[in-house]
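Novice: pasted the sequence and its predicted model underneath.
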Amino acid sequence: MRIQPLATAAALLATAAIALATTGCGSGNGLSLAKVRGKVTYKGEPVTFGTIMFQPENPDAPPAAGSIGKDGDFVLSTEDPGDGAVIGAHRVAIIGLEELAQADQAAMPDPEKSPREYMMAKAKAGTTPPRAKKEDDSTYTDKSGKVFRITIPTKLNQTSTSDLKVDVTSGSNYVEIAIDEDGTTQVKS
C-alpha cells in the first residue's frame, strides 16, 4: 500500500538531494557548517536502513541528509560527504526501511524487454499487497520495483509532521534519536 505522506517524503528527499547538489557551502557563501553524526533507534533497537534529513528553520539555508547504516549510525552531508549541517535549529525527518524478501515481492518484468508489462506490474505493486498486511505495515516501492517495508511510524517521514527538532552547534555534534512505538522521540545531543 502506498501512502501519500510517503510520496511527499520521497519528494522532499529528492528536493533535498537537488539542493545538496546545487547549493554551495564553501567558505565564500556565508554558511557555517558543523559536523553532525549520530544514531537512530526504534523501540531500543538500531534502525538498520533508511535516510535522515535535517531541514534548517532558516528557509535560505540548504538541508543536510545522511544514510542510516546497519548499526543505526548516520553522518550528515550538505555539499560534500560528511561535511555536516548548517549551524542552527533544524526540523528532522527520518525514514526507516527494510527491503522485503524476494518471496514477498512479485517478480518484476524487465523494463527494457517489456516496458508495458513493467509499468503495469509496478502500478499493481503499489496498489495490491503481495501478502497479508497489518494495518500499520506500510510499504514503499522504489523506481526499480524493489519493495521496502517502512519500519518506523510514518509521522516521522516528513519534517512537517515529525515534531522532531535538533539544534546544530559549532564544532562536532553527536545526536542520538530514540523513537518509541507510538512515534514519540527522545533526543540526546
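Specialist: Sure, I can see it.
Novice: helices of this protein, residue ranges please.
Specialist: Assigned by DSSP state H, the chain shows helices spanning 4-22, 115-127, 159-162.
Novice: quick check: mean pLDDT of the second one?
Specialist: Averaged over helix 115-127, pLDDT sits at 70.
Novice: tell me how far residue 168 lies from residue 182.
Specialist: Counting by Cβ to Cβ, to the nearest Å, the gap from residue 168 to residue 182 is 26 Å. Every C-beta, even on glycine, is put in place using the N, C-alpha and C of the backbone.
Novice: looking at the two, which is more packed in?
Specialist: residue 168 (24 against 7; other Cβ atoms under 10 Å).
Novice: dig out what the more buried one forms beta bridges with.
Specialist: Assessed by DSSP bridges, residue 168 has beta-bridge partners residue 88.
Novice: now do the strands in this structure.
Specialist: 33-42, 45-46, 50-56, 64-68, 73-75, 85-86, 88-99, 139-141, 147-150, 165-168, 172-179, 185-188 (DSSP state E).
Novice: bridging residues for residue 141?
Specialist: Counting by DSSP bridges, the residues bridging with residue 141 are residue 147.
Novice: residue 183 - how many residues pack around it?
Specialist: Neighbour tally, residue 183, other Cβ under 10 Å: 16.
Novice: leaving out sequence neighbours, find the closest residue to it.
Specialist: Using Cβ to Cβ, 6 or more residues apart in numbering and skipping residues adjacent in sequence, the residue nearest residue 183 is residue 153, 3.4 Å away.
Novice: quick one: the one you found from residue 189, how far?
Specialist: For residue 153 relative to residue 189 (Cβ to Cβ), the value is 21 Å.
Novice: between these two, tell me which one has more neighbours.
Specialist: For residue 153 versus residue 189, neighbours defined as other Cβ under 10 Å are more numerous around residue 153 (21 against 13).
Novice: that one contacts residue 163, correct?
Specialist: No - in this structure residue 153 lies outside contact range of residue 163 using Cβ atoms under 8 Å: 11.3 Å.
Novice: ok, residue 182 - contacts?
Specialist: Residues near residue 182 by Cβ atoms under 8 Å, 6 or more residues apart in numbering: residue 153.
Novice: for it, phi and psi?
Specialist: When quoted as degrees, to the nearest 10, the phi and psi of residue 182 stand at phi -80, psi 0.
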